[in-house]
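Trainee: After the sequence you'll find the predicted model.
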Amino acid sequence: MARHMPLAEAVGTFLKPGGTAAFEGFTHLIPHAAAHEVIRQDIGDLTLVRMTPDLIYDQMIGMGLAKKLVFSYAGNPGVGLLRRLRDAVENGWPRPLEIEEHSHAAMANAYEAGAAGLPCAMFRGYLGAQLAEVNPNIRHIVCPFTGEKLAAVPAIRPDVTFIHAQKADRKGNVLIEGIVGVQKEAVLAAENAIVTVEEVVDDLDAHPNACILPHWTVDAVCTVPGGAHPSYAHGHYARDNADYLAWDRIAADRDTFRAWMTDNVLDAQPGVFAERVADLEVVA
Amino acid sequence: MARHMPLAEAVGTFLKPGGTAAFEGFTHLIPHAAAHEVIRQDIGDLTLVRMTPDLIYDQMIGMGLAKKLVFSYAGNPGVGLLRRLRDAVENGWPRPLEIEEHSHAAMANAYEAGAAGLPCAMFRGYLGAQLAEVNPNIRHIVCPFTGEKLAAVPAIRPDVTFIHAQKADRKGNVLIEGIVGVQKEAVLAAENAIVTVEEVVDDLDAHPNACILPHWTVDAVCTVPGGAHPSYAHGHYARDNADYLAWDRIAADRDTFRAWMTDNVLDAQPGVFAERVADLEVVA
Amino acid sequence: MTDFTADEMMTIAAARALSNDDVCFVGIGAPSAACNVARLTHAPDITLIYESGTIGTAPDVLPLSIGDGELCDTAVTTVPVPEMFRYWLQGGWITVGFLGAAQLDRFGNINTTVVGDYAHPKVRLPGGGGAPEIAASSREVFITMKQSRRGFVEKIDFFTSFGHGEGGDHRQRLGMTTKGPTLLITDLGVWKPDPESKEFTVTSLHPGVTRAQMQETVGWTVRFSAEVEETEPPGTEELAVLRDLKERTARAHQGEAA
Amino acid sequence: MTDFTADEMMTIAAARALSNDDVCFVGIGAPSAACNVARLTHAPDITLIYESGTIGTAPDVLPLSIGDGELCDTAVTTVPVPEMFRYWLQGGWITVGFLGAAQLDRFGNINTTVVGDYAHPKVRLPGGGGAPEIAASSREVFITMKQSRRGFVEKIDFFTSFGHGEGGDHRQRLGMTTKGPTLLITDLGVWKPDPESKEFTVTSLHPGVTRAQMQETVGWTVRFSAEVEETEPPGTEELAVLRDLKERTARAHQGEAA
């Protein structure tokens, strides 16, 4: 049952060291503010799950919070590789990182299975793909009607899912619009879900088939305007591509990275996100 | 690739005697006009598939067009049983009707699997349910991770799916709003799809996440205002509950039924549907 | 106290079983009336879900079908039917599945498929629809129906939806982790399963109903709980809300018929 | 004829391979530019799909990521990512999957996972993302990338996405019914698989490119088709459209950066 609360309280209440956390968002609506709060609270030994780990995962990994990463594409979208992730995988800095790697189709189906309360997902996948040899969580199911051999992966069930959304109402019903990714599935699959939103409104004023998470599927709603920056919020502000480009330089060096994290995350507060998007606002 | 064409041409082009046809619509947007056209063209030996066969299936079965019915709930919603269906199952009139019976969860998952290009659907179902004993198309899959025994049913893949929708644009992109049922899945699972629509517009003017079938998923778009009557079209006209109540009386007797079919279907044309909803229009 | 009918008592007693926090999967007919009376009285924040995909709906009149336009117009959101069964029912969000039945046995097993033999039925009923999985995946199941010898039978003709099977731990033996039927509300009283045997036993008689009447309308030997209460009669507000709802409903459906 | 770069020739040659009726699953980078040039020239009705869920998108500038806002703003509809992979890709609607690669072998097998050993990589690349299933479920696959000895290798370090495997009927032996890679467009020429062996053979050299250049940039012994054509150079309109698009894109992404 959703409660409106400050982000720091939500993170401290629901995410425990050693837990499994998913921060979802497919380029759009990436929960940056929530990840920064986790970094500030230094909640470690996490298993991080995400289809497209990008900047915030590079940041959490670089700060040593992750012991394992479950993912399907780890890159800075349109820019290049993730340098902190590479440093962890290639050099074990600041700590070794265990990885469980899938394809997008597998992860999307695994979230869907989690939302659907199933123990595993079944799909036509990994045909001739070598990941099936290095990941013991890729198995098979034989169709009892045709004999076709299909791929199977375990359902994803995070302890806590974090997402960012455009709006919530007073009860805590949450509206997501635009590129909706796997956020709904990630929330429904999780034990607990924390949603940061651009704004709280009296009436969501949504299309009958809009993507809405009823308030009883969400545990905490935290109002953090700009909380997706440098990702974007459809109808609110545009993607800050310059920041994505800049990250490549910041993350290239361990010291530059630590200095940036201190200035922009450790010594900052959720309130800074509103300022960061002030110049990026779009006309609704 | 969608072509705009008259309903009679669409039905004649795509539906063949002996084919498998699904007319979907979950109370809302039931393709009455399309079913009536099939009856007028006397296309028989059909395998009829639908979660909720109601009046139009009672009509097609009563007219002797169906050799088999695949379904999960056969009733006149809110009114009672389907009398022509009963007559076929209990007395073989006008011909015997083979039935393959499922639960809603099974049918919904089977359509989903059809849309997803899978040979079968997997779900947690039929636990302790006797249908699993009388329907050989209910089998099992064991989860390769947990050992849980899950239900499996074959994917549904109709030769032709018929649906009714609110709008299409000139290219043939189709918009469905409100209670969307399994229509999208039924179209994507089918070899061919025929869509009757209330109107053709220049711009669908839809919400970014609205339920839209791209024009290349649909074969024929037929403009038939009122084509769902006595079912309804969200934003266009209300459900004609009186007609549903009246059907119970009409279908109670073989002769009354045949007379009604002659007057209202065999001797009618798709154009009559617009008149039938004239008094039911809602303010958009 | 106002006069009331057995039907009204049934609906109101059923409504009382629901709470504000429930996420209720609503069967059509008697369950629908009870769920909406709950919403209009003590449980304004209850979430009502119909299998047509409407989540958090608040209709002003009772729907004739499970997919009336009113359900969508007033819903928090409306989802595709495959999603309804996968994410919302199978996903474990439903706290109460509220079902009716054509035939019911003492263990809460339901038949809505056939009277007689499946291959050669005497009466072909509509079938299970959503009920087999509602019965298995809802955290618990409430059943409401009128008592009659035709409906309350020693042995149902077909196991459409599994209740407690042969009783005892039969559900667990089939791998089910949900509670199954925990409450049966009829026009004559309230029944709950015995904690051990899982046989429905009468825990409350509606005002004026006798033990003999309970037995006359049931096809097995009725068991009564050690302490059988008398159901609290409908309150003035409960009755007013129910009657208003029924009147609005009749007017709306007649209006459309005109 | 205007001057043009090898990069421009590559993009335009790739664009030409697409038709108005294609439903194209677009990888980011080189494929995205080619697909949008096709849309802005000879294939205005082509359907472009990005794995972020945007179907039938028509961006005015090239997206930096596969999920830029512009893609959604201009799409016919935007669907959830699980639906994208289940209904649209696995469902068999994609006529062309358009991929890039980090490493490629002569049979169109793609590596975007690691350089070196998987457990102890020299370079950890981003991984497969959508590609493994795009490669298997699209009716056919086009690949576009620049030629280099680092990229065009005798043996890829990891089979991220299956092309023709060891060649011949390897796809069919794995149960695949789709065609796999049917076209490879580089900065130097166009390659197509040999009908029997499925090894990519050069069918066309871009204007001014020699056979020696083809071999110098490839880590295996290049086979040339019996008749090697010269690629038609970029037309004036093609070049204008591509340069306008690139300029609009640079301005837009810089504008945001300002």
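Mentor: Ah, there it is. Numbering: from 1, shown residues only, chains lettered A, B, ... in the order given.

Trainee: Spell out the residue ranges of the helices in the stretch 51-200 of chain A.
Mentor: Listed in chain order, the helices of the stretch 51-200 of chain A (DSSP state H, counting those that start in this stretch) span residues A:55-62, A:83-91, A:104-115, A:131-134, A:183-189.

Trainee: buried sites along the shortest one?
Mentor: Meaning helix A:131-134. By neighbour count, with 16 or more other C-beta atoms under 10 Å in any protein chain shown as the criterion, the buried positions of helix A:131-134 are A:Leu131, A:Ala132. Just so you know, the C-beta spots here come from the backbone N, C-alpha and C atoms, and that holds for glycine as well.

Trainee: residues in contact with it?
Mentor: Helix A:131-134 is contacted from outside by A:Glu101, A:His102, A:Ser103, A:Tyr126, A:Ile138, A:Ala151, D:Thr113, D:Tyr118, D:Ala119, D:Gly128, D:Pro132, D:Thr160, using C-beta atoms under 8 Å, 6 or more residues apart in numbering or on different chains.

Trainee: for the record, mean pLDDT for it?
Mentor: In this model, helix A:131-134 carries a mean pLDDT of 96.

Trainee: Kindly format the C-alpha coordinates of it as PDB.
Mentor: Extracted in PDB, the C-alpha atoms of helix A:131-134 (Å, rounded to 0.1, in the frame of the first residue of the first chain):
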ATOM      1  CA  LEU A 131      25.700 -17.200 -23.500                       C
ATOM      2  CA  ALA A 132      23.800 -20.400 -23.100                       C
ATOM      3  CA  GLU A 133      27.100 -22.100 -22.500                       C
ATOM      4  CA  VAL A 134      28.400 -19.700 -19.900                       C
END
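
Trainee: And the strands in the chain?
Mentor: Went with chain A since none was named. Taking DSSP state E, the strands of chain A run over residues A:3-4, A:20-23, A:46-50, A:66-71, A:98-101, A:120-123, A:139-142, A:149-154, A:160-169, A:174-176, A:192-201, A:211-213, A:220-223.

Trainee: Chain C is the one I meant
Mentor: With strands called from DSSP E, chain C shows them at C:23-26, C:47-49, C:54-55, C:77-78, C:96-99, C:103-104, C:110-111, C:114-116, C:121-124, C:140-144, C:181-185, C:189-193, C:200-205, C:224-230.

Trainee: Can you lay out those strands as a markdown table showing distance to D:Thr178 and mean neighbour count?
Mentor: Formatted as a markdown table, the strands of chain C follow (distance: least, C-beta to C-beta, whole Å; neighbours: other C-beta atoms under 10 Å in any protein chain shown):
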| stretch | distance to D:Thr178 | mean neighbour count |
| --- | --- | --- |
| strand C:23-26 | 40 | 25 |
| strand C:47-49 | 40 | 26 |
| strand C:54-55 | 38 | 26 |
| strand C:77-78 | 35 | 26 |
| strand C:96-99 | 42 | 28 |
| strand C:103-104 | 51 | 26 |
| strand C:110-111 | 46 | 26 |
| strand C:114-116 | 45 | 18 |
| strand C:121-124 | 44 | 16 |
| strand C:140-144 | 46 | 24 |
| strand C:181-185 | 49 | 24 |
| strand C:189-193 | 54 | 23 |
| strand C:200-205 | 56 | 21 |
| strand C:224-230 | 64 | 12 |
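
Trainee: Ok, which of these comes nearest chain A?
Mentor: Closest approach to chain A among the strands of chain C is made by strand C:77-78 (3.9 Å; C-beta to the nearest C-beta).

Trainee: and that closest one with chain A, contact?
Mentor: Yes - under the criterion of C-beta under 8 Å from any C-beta of the partner chain, strand C:77-78 makes contact with chain A via C:Thr77, C:Thr78.

Trainee: residue contacts, the closest residue to A:Arg95 other than its chain neighbours?
Mentor: Leaving out its chain neighbours, the residue that sits closest to A:Arg95 by C-beta to C-beta, 6 or more residues apart in numbering or on different chains is A:Gly64, at 5.3 Å. By C-beta under 8 Å, 6+ apart, the contact set of A:Gly64 is A:Gly44, A:Pro94, A:Arg95.

Trainee: got the residues of the stretch 151-284 of chain A near chain D?
Mentor: A:178-182, A:184-185, A:211, A:232, A:234, A:238-242, A:244-245, A:280.

Trainee: change it to 10 Å
Mentor: Selection of the stretch 151-284 of chain A residues close to chain D by C-beta under 10 Å from any C-beta of the partner chain yields A:151, A:176-185, A:211, A:230-235, A:237-246, A:279-280, A:282.

Trainee: Name only those of these that count as buried.
Mentor: A:151, A:176-185, A:211, A:230-235, A:237-241, A:243-245, A:280.

Trainee: among those, which are in reach of chain C?
Mentor: Restricting those to those near chain C by C-beta under 10 Å from any C-beta leaves A:Lys184, A:Glu185, A:Cys211.

Trainee: Output those in CSV; the columns should cover distance to chain B.
Mentor: Conversion of those to CSV gives the following (distance: C-beta to the nearest C-beta, whole Å):
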residue, distance to chain B
A:Lys184, 11
A:Glu185, 14
A:Cys211, 6
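
Trainee: Tell me who's in contact with the closest residue to C:Pro121 other than its chain neighbours.
Mentor: Counting by C-beta to C-beta, 6+ apart, C:Pro121 lies nearest to C:Val114, which is 3.8 Å off, once chain neighbours are set aside. Taking C-beta atoms under 10 Å, 6 or more residues apart in numbering or on different chains, we find C:Val114 in contact with B:89-90, B:101, B:134, C:102-103, C:120-125, C:127, C:157-158, C:160.

Trainee: What residue in the stretch 101-250 of chain C comes nearest to chain B?
Mentor: For the stretch 101-250 of chain C, C-beta to the nearest C-beta, closest residue to chain B: C:Phe162, 2.9 Å.

Trainee: So which bits of the stretch 151-258 of chain C are right by chain A?
Mentor: Near chain A, when you scan the stretch 151-258 of chain C using C-beta under 10 Å from any C-beta, you find nothing.

Trainee: for the stretch 151-258 of chain C, what spans make up the helices?
Mentor: C:170-173, C:211-216, C:236-257.

Trainee: I'd like those helices as TSV, with mean pLDDT appended.
Mentor: Below are those laid out as TSV (pLDDT from 0 to 100):
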stretch	mean pLDDT
helix C:170-173	97
helix C:211-216	98
helix C:236-257	86
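
Trainee: can you redo those helices as JSON lines with mean neighbour count?
Mentor: Listed next are the helices of the stretch 151-258 of chain C as JSON lines, based on neighbours: other C-beta atoms under 10 Å in any protein chain shown:
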{"stretch": "helix C:170-173", "mean neighbour count": "16"}
{"stretch": "helix C:211-216", "mean neighbour count": "14"}
{"stretch": "helix C:236-257", "mean neighbour count": "16"}
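
Trainee: between those, which one is nearest to D:Tyr50?
Mentor: Closest to D:Tyr50 of the helices of the stretch 151-258 of chain C is helix C:236-257 (C-beta to C-beta; 45.0 Å).

Trainee: hey, C-alpha coordinates of the closest one in CSV?
Mentor: The C-alpha trace of helix C:236-257 is given here as CSV (Å, rounded to 0.1, in the frame of the first residue of the first chain):
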residue,chain,number,x,y,z
THR,C,236,-30.8,1.3,7.7
GLU,C,237,-27.9,2.7,5.7
GLU,C,238,-27.0,-0.7,4.2
LEU,C,239,-30.5,-1.3,3.0
ALA,C,240,-30.8,2.2,1.6
VAL,C,241,-27.6,1.9,-0.3
LEU,C,242,-28.5,-1.5,-1.7
ARG,C,243,-32.0,-0.4,-2.7
ASP,C,244,-30.7,2.8,-4.3
LEU,C,245,-28.1,0.8,-6.2
LYS,C,246,-30.7,-1.7,-7.4
GLU,C,247,-33.1,1.0,-8.4
ARG,C,248,-30.5,3.0,-10.3
THR,C,249,-29.5,-0.2,-12.0
ALA,C,250,-33.0,-1.1,-13.1
ARG,C,251,-33.6,2.4,-14.3
ALA,C,252,-30.4,2.4,-16.3
HIS,C,253,-30.9,-0.9,-18.0
GLN,C,254,-34.5,-0.1,-18.7
GLY,C,255,-33.5,3.3,-20.0
GLU,C,256,-31.3,1.6,-22.5
ALA,C,257,-34.1,-0.7,-23.4
